[in-house]
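Undergrad: sequence plus predicted model, see below.
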Amino acid sequence: MIRIGFGYDVHRLVEGRKLIIGGVEIPFTKGLLGHSDADVLYHAIADAFLGSLALGDIGQLFPDNDERYRDIDSGLLLQEVYRRVRERGYCLNNLDAVIVAQKPKLLPYISKMRENLAVLLNTAIENISVKATTTEGLGFAGREEGIAAYAVITVKEVLENG
Ligand SMILES: Nc1ccn([C@@H]2O[C@H](COP(=O)(O)O)[C@@H](O)[C@H]2O)c(=O)n1
Ligand SMILES: C[C@@]1(CO)OP(=O)(O)OP(=O)(O)OC[C@H]1O
C-alpha cells in the first residue's frame with residue numbers, strides 16, 4: 001500500500017545563528033532560530049513522514065522544552081522519525097520539497113541537500129527532489145523575516161516476499 005504525507009515548517013531568520021538547511025551550513029548574514037538547529041527542511045520532511053502514517057508531529061515527539069533537543073542536529077530527529085516509519089513496515093517511495101526563501105540563493109546547495117537526504121534515508125538520489133523559490137518579495141519570506149519549507153512524501157509498504 002502507498003500512503004502520502006505532507007509537512008510544513010517555518011523558522012524566523014535572526015542574526016547570530018547558523019543557517020542550516022537540509023543538513024548544509026549555508027553562508028549568510030542570518031540564521032534560523034529554533035530550539036534545535038532549526039533545519040526547516042528536515043522538520044517539514046519529518047512532519048511529512050509522521051503525517052503519512054498518522055503518527056503525530058515532531059513537536060509531540062521532540063518537545064521544545066526538552067533540553068535533550070537543544071541545538072540538536074535535526075538530521076538525528078529525522079533519522080529517529082524514519083526509524084519509526086521503518087518499524088511500522090514502510091519505507092520512502094519518493095519525496096518532493098520546496099524551500100521558500102527570498103535570500104540567500106539556495107540553488108548552489110540543493111544537490112548537497114539531496115545527497116544528505118539520500119544518505120539519511122538510505123535511498124537513491126532520484127527519489128529525492130528539493131526545490132527553492134522566492135515569494136517575489138511578498139510576505140514574511142519576502143521580507144526575509146523567515147524561511148519556510150513544504151514537503152510531500154509517499155511511503156510504500158515493505159512486503160516480506162517481494
Ligand atoms: N532562495 C532561493 C530562491 C530561488 N532560487 C532559484 O531561483 C529560481 C527562481 O525563483 P523565483 O522565486 O523567482 O521563481 C527558482 O526556481 C530556484 O531555482 C534559489 O536558488 N534560491
Ligand atoms: C525540533 C524542535 C525540538 O528541538 O524544536 P524547534 O527547533 O524549535 O523546531 P519546531 O519546528 O518549532 O518544532 C519541533 C520541536 O519541538
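TA: Alright, I've got the coordinates. Model, not experiment: these values are computed from the prediction. Ligands and ions are numbered 1, 2, ... in the order given.
Undergrad: neighbours around Leu138, how many?
TA: 10 (other CB atoms under 10 Å). For the C-beta atoms, the positions are set from N, CA and C on the backbone; glycine is no exception.
Undergrad: repeat for the one 3 residues further on
TA: Look at Ala141: counted by other CB under 10 Å, it has 22 neighbours.
Undergrad: give me the contact list for the strand or helix carrying it.
TA: If you go by DSSP states H and E, Ala141 is part of helix 139-142. The set of residues external to helix 139-142 that reach it, using CB atoms under 8 Å, 6 or more residues apart in numbering, is Val10, Val100, Ala101, Gln102, Thr134, Thr135, Glu136, Gly146, Ile147, Ala148.
Undergrad: go ahead and build a PyMOL selection from the buried members of these.
TA: A single PyMOL command selects the buried members of the contacts of helix 139-142 (16 or more other CB atoms under 10 Å):
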select buried, resi 10+100+101+102+146+147+148
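Undergrad: for the contacts of helix 139-142, which one is nearest ligand 2?
TA: Val10 (8.0 Å; CB to the nearest ligand atom).
Undergrad: wait, the closest one sits on Ile147?
TA: Yes - between Val10 and Ile147 there is a contact at 7.3 Å, judged by CB atoms under 8 Å.
Undergrad: common neighbours of the two, please.
TA: Val40.
Undergrad: what ranges does the chain have for its strands?
TA: For the chain, applying DSSP state E gives strands covering 2-14, 20-21, 24-25, 31-32, 90-100, 128-133, 146-157.
Undergrad: and ligand 1, which of those is closest to it?
TA: By CB to the nearest ligand atom (comparing all of those), the closest turns out to be strand 128-133, at 3.8 Å.
Undergrad: show me what that closest one is packed against.
TA: Strand 128-133 sits against strand 90-100, helix 107-120, with contacts defined as 3 or more CB pairs under 8 Å, 6 or more residues apart in numbering; DSSP states H and E.
Undergrad: enumerate the residues of the protein near ligand 1.
TA: Where the chain comes near ligand 1, counting by CB under 6 Å from any ligand atom, the residues are Ala101, Lys105, Leu106, Leu107, Ala132, Thr133, Thr134.
Undergrad: and the residue nearest to Leu95 when sequence neighbours are not counted, how many neighbours?
TA: Excluding its sequence neighbours, the residue lying closest to Leu95 (CB to CB, 6 or more residues apart in numbering) is Ile153, at 4.5 Å. Ile153 has 27 neighbouring residues, counting by other CB under 10 Å.
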